[in-house]
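Trainee: Generate a structure from the sequence data that follows.
(2 chains)
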Amino acid sequence: MPEFTLDDVRRILRASGGVDEQTDLDGEHFADTAFADLGYDSLALLELVNRIEREYGIQIPDGDLAHTQTPGEALAYVRARLTEARV
Amino acid sequence: MSASGIRPGRRGRSVVTGLGVVAPTGIGAARHWESVLSGKSGLGRITRFDPTGYPVRVAGEVPGFHAREQVPGRLVPQTDRFTHFALAAAQDALADAAADPATLPEYEMAVVTASSSGGTEFGQHEMENLYQKGSSWVGAYQSIAWFYAATTGQVSIRHGMRGPCGVICGEQAGGLDALGQSRRLLDTGSRLVLSGGTDASLCPYGLVAQLSTGRLSTEDDPARAYLPFDAAASGFVPGEGGAMLVVESAEAAHARGVPAYGELLGYAAGFDPTADATPKLPATDTAAGPATAHDGTRLPVADGTAAQPPAPNRPTARRSVLVSVIRRALADAGLAPGEVDMVFADASGTPADDLAEARALTEVFGPGGVPVTAPKTLTGRLYAGGAALDVATALLALSAGVVPHTAGLGRPAPGCEIDLVLDRPRQTDPRTALVLARGHGGFTSALVVGAGDRDALRR
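Mentor: From the prediction side, this is the model:
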């Protein structure tokens, strides 16, 4: 089972929701910046969920990840699900 | 108060202050206009996918469009190519009009675009994901990228234009209808409207959908594939792209101190319920179409049935919807036929439709009564983008004082008694132009534009 890191959140966000000049995914506060402030809306989070499910082979119930506010919270949630999946 | 919500006699003047073009003739109004004047065609063999095996292999593709350079990065994976085109053209149009939406009241700016196909290329990609990999592979952005209003929504959000927004689906006529609607909005509280249209349906799914009309040219030589009003007419070539225009009330433009390319003087729309009965292209010998139709005899059609072509000069013929739409647009503009200096034709490229249009023009203006042109032979028919681009071209022509020519035609089709501008532009200083558009299924629209005070293009 692959590890899931903050870099994976960045990578998947870039591929799914795109980036532009105003988006700073490499800043030191990335983990604690709200998705909305990074420019990602609910659709972007839906797409993030889809891609994580496909890539990591886990099921994320509808709405679970959508309620996380920051990349850091999303990271913690996905790691927990991955740990559950290993058990 | 009429059904449109506009009080009679309350119509203000609507002017066009900015143009943005993304077309097979080039990106940017200046490059497009250079191509028009020099007759540089944007038609060629389809490169966006391998067209081998499809009956239509020639199209008008936008050259050198790189979404990553033209569109905000986040919107590239979230929207279809038709929206990319419109986002780029809208930004150009606003810059051209020296309009900064951030400095204008957000609820007094509106967006009205035309779309004919929606986001077909995006949709095809997601459908492939669906049937090849499964439903979880369908991207979330499919929900907002495919539909007709996607462009209007994204343009509205990007520029903070929160007035009345909408989309019009009238196939090729949609570009004129969007501008007609813009004029209404300026009479009901908006001061600036971003309007126009784009389409980008040059993918296998999009092309196959277009084939169903039976009106696309199967000719392989780009120079021979789209010859409206010509004896060798064989249907039309599909294209991608379009134009966006900044439409403002004359007062708002004056208050901002910006010149206008021209004014929207008159508009009318109608619907021709018999349009679908127009003969489809015969399988062979298409040039025989107008010859047999010339005297009003019945035209042979591919499926073995026959249809009656429009014959407005015959007392028994049904009334031409196009004639009535032209007359209503001129009346709305307060112009007599003799005051129209040039006509941008719909130019279907299908012999029977061309003949019907030529006869409508002859009925209103008299034989050879007005110069007629169709620069769209350089781009193909752009669907929702077609009429919007024609209006942009007409405004550029008014600003430059020339009637652009129709490049590439050889021998006029029999029965088309119109003064088609061929070979080279005419320096006749036109002050008014009539733009015609017919959309598949019966949409029929006409827009009259008049010259403005922006004459930077004049030589």
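
Trainee: Only C-alpha atoms from now on, for both contacts and neighbour counts.
Mentor: Noted.

Trainee: who touches residue B:357 in this structure?
Mentor: Shown in contact with residue B:357 (CA atoms under 8 Å, 6 or more residues apart in numbering or on different chains): B:322, B:345, B:346, B:347.

Trainee: Backbone dihedrals for the first one, please?
Mentor: For residue B:322, the backbone dihedrals are phi -60, psi -40 (criterion: degrees, to the nearest 10).

Trainee: That one is in contact with residue B:360, isn't it?
Mentor: Yes: using CA atoms under 8 Å, residue B:322 is in contact with residue B:360, at 6.4 Å.

Trainee: what about these two, which has more around it?
Mentor: Using other CA atoms under 10 Å in any protein chain shown as the criterion, residue B:322 and residue B:360 rank with residue B:322 on top: 26 against 22.

Trainee: I'd guessed residue B:156 sits against residue B:164; true?
Mentor: No: using CA under 8 Å, residue B:156 is not in contact with residue B:164; the gap is 9.8 Å.

Trainee: show me what contacts residue B:321?
Mentor: Residue B:321 neighbours (CA under 8 Å, 6+ apart): B:270, B:271, B:272, B:444.

Trainee: okay, residue A:18: pLDDT?
Mentor: We have a pLDDT of 83 for residue A:18.

Trainee: which residues touch it?
Mentor: Residues near residue A:18 by CA under 8 Å, 6+ apart: B:73, B:74, B:75, B:76, B:77, B:78.

Trainee: Also within reach of chain A: list those from those.
Mentor: By CA under 8 Å from any CA of the partner chain, the members of the contacts of residue A:18 lying near chain A are B:73, B:74, B:75, B:76, B:77, B:78.

Trainee: Just the buried residues of these.
Mentor: Buried subset of the ones next to chain A among the contacts of residue A:18 (neighbour count, 16 or more other CA atoms under 10 Å in any protein chain shown): B:73, B:74, B:75, B:76, B:77, B:78.

Trainee: Export these as CSV, with columns for pLDDT and secondary structure.
Mentor: Shown next, in CSV, are these (pLDDT from 0 to 100; DSSP: H, G, I helix; E, B strand; the rest coil):
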residue, pLDDT, secondary structure
B:73, 89, helix
B:74, 89, helix
B:75, 92, helix
B:76, 93, coil
B:77, 91, coil
B:78, 93, coil
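
Trainee: Could you identify the most distant pair in those?
Mentor: B:73 and B:78 (9.3 Å; CA to CA).

Trainee: Need the nearest residue in space to residue B:355, chain neighbours excluded.
Mentor: Leaving aside its chain neighbours, residue B:355 sits nearest to residue B:416 (5.8 Å; criterion: CA to CA, 6 or more residues apart in numbering or on different chains).

Trainee: Repeat that for residue B:88.
Mentor: That would be residue B:70: by CA to CA, 6+ apart, it lies 5.6 Å from residue B:88.

Trainee: Show me where the stretch 251-400 of chain B has its helices.
Mentor: Here the stretch 251-400 of chain B has its helices, by DSSP state H, counting those that start in this stretch, at B:288-293, B:321-333, B:351-365, B:384-400.

Trainee: which residues of chain A score low on pLDDT?
Mentor: Under the criterion pLDDT under 70, the flagged ranges of chain A are A:1.

Trainee: what does it put close to chain B?
Mentor: Checking chain A against chain B by CA under 8 Å from any CA, the hits are A:15-21, A:43-44, A:46-47, A:50-51, A:54.

Trainee: what residues does chain B put near chain A?
Mentor: So far as CA under 8 Å from any CA goes, chain B lies against chain A at B:72, B:73, B:74, B:75, B:76, B:77, B:78, B:136, B:137, B:139, B:140, B:141.

Trainee: can you name the two of the residues you listed that are farthest apart?
Mentor: Maximum distance among the residues of chain B next to chain A (CA to CA): 26.6 Å, for B:72 and B:136.

Trainee: and stretch B:343-356, how far apart are its ends?
Mentor: 15 Å (CA to CA, to the nearest Å).

Trainee: Report the mean per-residue pLDDT for it.
Mentor: Per-residue scores along stretch B:343-356 average to 97.

Trainee: cool, and stretch B:258-274?
Mentor: Mean pLDDT, stretch B:258-274: 96.

Trainee: Thank you, goodbye.
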